[in-house]
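# Sequence and predicted structure, then a few things I'm wondering about:
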Amino acid sequence: MSRKEKTVKKKSKNQWKAWLYLTPMLILLLVFTVWPIFNTVRISFLCRWNPDLGAIVGYNYSDAMNGAKYQFGINNFINVFTTGDSFLTALGNTMLLTVLTVPISTMLALLIAVALNSIKFLKKFFQTVFFLPYVTNAIAIGMVFAAMFGMVWPNLARPPVSVGIINTIIEAFGGKYINWVDSGSSYWANIAVLVIYIVWNALPFKILVLLGGLQNVDKQYYDAAKVDGASRWRTFWRVTVPLLSPMIAYVVITGFIGGFKEYTSIVGIFGDSMGPYGAPGKLNTMVGFIYDSIDNNQGKASAAALILFAIIFVVTMINMYVSKKKVHY
């Protein structure tokens, strides 16, 4: 046997070993990822005529187990848009939160990362402090924010009582009390609280990515900027931002994906009612809409999930197209 044949045989043997080692993970991937995706697509097109309701309804597991027959159609997608305004409300809330939080959190993360990269004393301590929100339970953080802005959460017996530290600070400086999250609070006050919470919760991951990129930047670029007499602000925009553009593009894309999947922040602050006391569903999001539909109409929930996937896909493709024009590798 020639040396070449021995090498090919050895590679073939190693490939079988690799596939053998990967088999358990591939099985788990097929069962818990591939099959659910396939099943979601299948269920989203299953619907039937319900004589009791006199309407076309989507797939329901309990009805299917009792022998109900379903046919393929696009009625689940039609129902998502036509059954009340809850979907449009959820879509509007989701898009608004995403558009507001992603740019703010990205810019703040960039500025904080640059500051952390510049300091020497207690650098590790501050890195740990800024990373803590990333490893803290999101619901617990939401409850703390709800208490800070005035809500006693949860409260099922009566409207919450405003005792928030934020209003205490505002009034201490001569400002007026603001109803942030309690019963009767305005929509924009609720959005302001959510934006603050989401931005604060999104900062650690973005800071970590950007700080890692900064530490790999060749210092000769900054030395050259100093020789040319460039100011810090000009160095930031002409050197730091272009060299960090791949990382910035990454955190922006992942930020938009995470923003369209926003759900835990609203639950953490307002509970599963997805809104202030007396206004359930006021701040519902796309993911919340899907969860609400799962209980009684899996077909509608699956259709909404595919619509959400399509929105995220389109936005991601737009971001990637823009990144190709602006990113410097």
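Perfect, thanks for sending it. Numbering: from 1, shown residues only.
# what packs against the host helix or strand of N39?
N39 belongs to helix 35-44 when assigned by DSSP states H and E. Here helix 35-44 touches helix 298-326, going by 3 or more C-beta pairs under 8 Å, 6 or more residues apart in numbering; DSSP states H and E. No exception for glycine: its C-beta is placed from N, CA and C like everyone else's.
# Tell me which residues of the helix holding N39 come out buried.
Buried residues in helix 35-44, counting neighbours by 16 or more other C-beta atoms under 10 Å, are found at T40, I43, S44.
# now it, how far from the chain's geometric center?
22 Å (C-alpha atoms, centre = their mean, to the nearest Å).
# what residue lies at the spatial centre of the chain?
What sits nearest the mean C-alpha location of the chain, by C-alpha atoms, centre = their mean, is G258, with 1.9 Å.
# you'd agree that residue is up against K206?
No: the criterion here is C-beta atoms under 8 Å, and G258 misses it with K206 at 10.3 Å.
# re the thing from before, who touches the residue nearest to the centre of the chain in this structure?
A202 (C-beta atoms under 8 Å, 6 or more residues apart in numbering).
# ok, and for the helix or strand where it lies, which residues are buried?
With secondary structure defined by DSSP H and E, G258 is part of helix 241-260. Residues of helix 241-260 classed as buried: 243-245, 247-260 (neighbour count, 16+ other C-beta under 10 Å).
# Alpha carbons of stretch 68-75, as PDB, please.
C-alpha atoms of stretch 68-75 as PDB (Å, rounded to 0.1, in the frame of the first residue of the first chain):
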ATOM      1  CA  ALA A  68     -60.200  16.600  14.100                       C
ATOM      2  CA  LYS A  69     -59.100  16.700  10.500                       C
ATOM      3  CA  TYR A  70     -57.100  19.600   9.200                       C
ATOM      4  CA  GLN A  71     -56.300  20.900   5.700                       C
ATOM      5  CA  PHE A  72     -53.400  23.000   4.400                       C
ATOM      6  CA  GLY A  73     -54.100  26.700   3.900                       C
ATOM      7  CA  ILE A  74     -53.000  30.300   4.700                       C
ATOM      8  CA  ASN A  75     -55.900  31.100   7.000                       C
END
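# How about residues contacting it?
Looking at what lies outside stretch 68-75 - C-beta under 8 Å, 6+ apart - the contacts are F45, L46, C47, R48, I56, G58, Y59, N60, A64.
# Excluding chain neighbours, what is closest to F289?
With sequence-adjacent residues excluded and distances taken as C-beta to C-beta, 6 or more residues apart in numbering, F289 is closest to A90, at 4.0 Å.
# Count the neighbours of Y277 for me.
Counted with other C-beta atoms under 10 Å, the neighbours of Y277 add up to 21.
# That one: what's its closest spatial neighbour, skipping adjacent residues?
Nearest non-adjacent residue to Y277 (C-beta to C-beta, 6+ apart): S183, at 4.0 Å.
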